[in-house]
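Student: Give me a 3D structure for the following:
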Amino acid sequence: MQRWHILLAVLTLAATQICMAQDQGLGSKTVLGPRNIFLYDGANTLMAGDGEEGVRLTMLGLRSAHGRRELVAAHANLCAGFLMLEQFQTALGHCDWVLERYDNHWRSYNNRALVYLFLGRYEESEADIRRGQELNPRSESLKEVKGMYLDEVAPVTEEIQIDERRHVTRPPTPSIAVDEIE
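Tutor: Predicted coordinates for the structure are as follows:
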C-alpha cells in the first residue's frame with residue numbers, strides 16, 4: 001500500500017504549481033511566492049507523506065482560496081490527502097467536486113480511480129483510468145494506477161515451477177564394458 005502514498009504525493013505537486021500561478025483575468029501583477037501559502041504548504045506536506053497535517057493546511061487554504069484554480073487545486077489535493085488517510089468516502093466527495101465542475105481534470109480521474117479501487121468498485125475505477133488516459137495519454141501515474149487495477153482484477157499467476165530436486169544425489173554412472181586385450 002505504500003506505493004500509492006508516493007503516487008499521491010507526485011499528483012499533488014502539479015496541483016501545487018497551479019496554486020502558485022495567478023488566476024487568469026487579474027491583469028499584470030507581481031506575485032512573490034505562492035499567493036495561498038496554506039495550499040502551498042499543504043501540498044508540500046502531503047508530498048512529504050504527512051496526510052493529517054497536509055489535509056489540515058489544505059482546508060485552511062480552501063477557506064481563503066482565490067478563484068477557480070485555487071479551488072480546484074484545494075479539492076484535488078483534499079481528495080489525495082483523504083485517500084492517504086484512508087477516508088475514502090470523504091476523498092471521493094472532493095474528487096467528485098472537481099469533476100462535476102471540470103471534467104477535463106485528469107489528476108482527479110486518477111485519484112478517484114484509486115478511491116474506487118480501494119472501495120472495490122472496479123468498473124468505476126477502470127472507467128476513470130480510461131478517461132484520465134484520454135485526457136493525458138502519457139501520464140506515468142495513470143499507468144501506475146492501471147497496473148494496480150490490473151493486479152486486483154486480473155492478477156498474473158506464476159507459470160514457473162521451481163524444481164526442488166537440486167540436492168538429490170545422482171545415481172551412479174553405469175559401468176562400461178570394455179574388452180580386455182591380453
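Student: May I have the secondary structure class of residue 35?
Tutor: Following DSSP: H, G, I helix; E, B strand; the rest coil, we place residue 35 in the coil state.
Student: State the number of residues packed around it.
Tutor: Neighbour count of residue 35, defined by other CB atoms under 10 Å: 21. Where C-beta positions appear, they are placed from N, C-alpha and C, glycine not excepted.
Student: excluding its backbone neighbours, what's nearest it?
Tutor: Distance criterion CB to CB, 6 or more residues apart in numbering; nearest residue to residue 35, sequence neighbours excluded, is residue 66 at 6.4 Å.
Student: I figured residue 124 was touching residue 115, is that so?
Tutor: No. Shown here, residue 124 and residue 115 do not form a contact pair, counting by CB atoms under 8 Å, at 9.0 Å.
Student: For residue 103, grab the count of nearby residues.
Tutor: Using other CB under 10 Å, residue 103 is surrounded by 11 other residues.
Student: Distance of it relative to residue 109?
Tutor: Remark: distance between residue 103 and residue 109 (CB to CB, to the nearest Å) = 9 Å.
Student: to the chain's geometric centre, what's the distance from the host helix or strand of residue 81?
Tutor: Using DSSP states H and E, residue 81 sits within helix 67-84. Put simply, helix 67-84 sits 14 Å off its chain's centre (CA atoms, centre = their mean, to the nearest Å).
Student: What's the mean pLDDT across that helix?
Tutor: Averaged across helix 67-84, the pLDDT comes to 94.
Student: what angle separates the helix or strand just after it from helix 67-84?
Tutor: Scanning forward in sequence from helix 67-84 by DSSP H and E, the next helix or strand is helix 88-101. Interaxial angle, helix 88-101 versus helix 67-84 (axes from the mean of the first three to the mean of the last three CA atoms, to 10 degrees): 150 degrees.
Student: Residues contacting helix 88-101, please?
Tutor: 72, 75-76, 78-83, 105, 108-109, 111-112, 115-116, 118-119 (CB atoms under 8 Å, 6 or more residues apart in numbering).
Student: Pull out the buried positions in the helix or strand just after that helix.
Tutor: Using DSSP H and E, the helix or strand that follows helix 88-101 in sequence is helix 106-119. Within helix 106-119, the residues that count as buried by 16 or more other CB atoms under 10 Å are 106-118.
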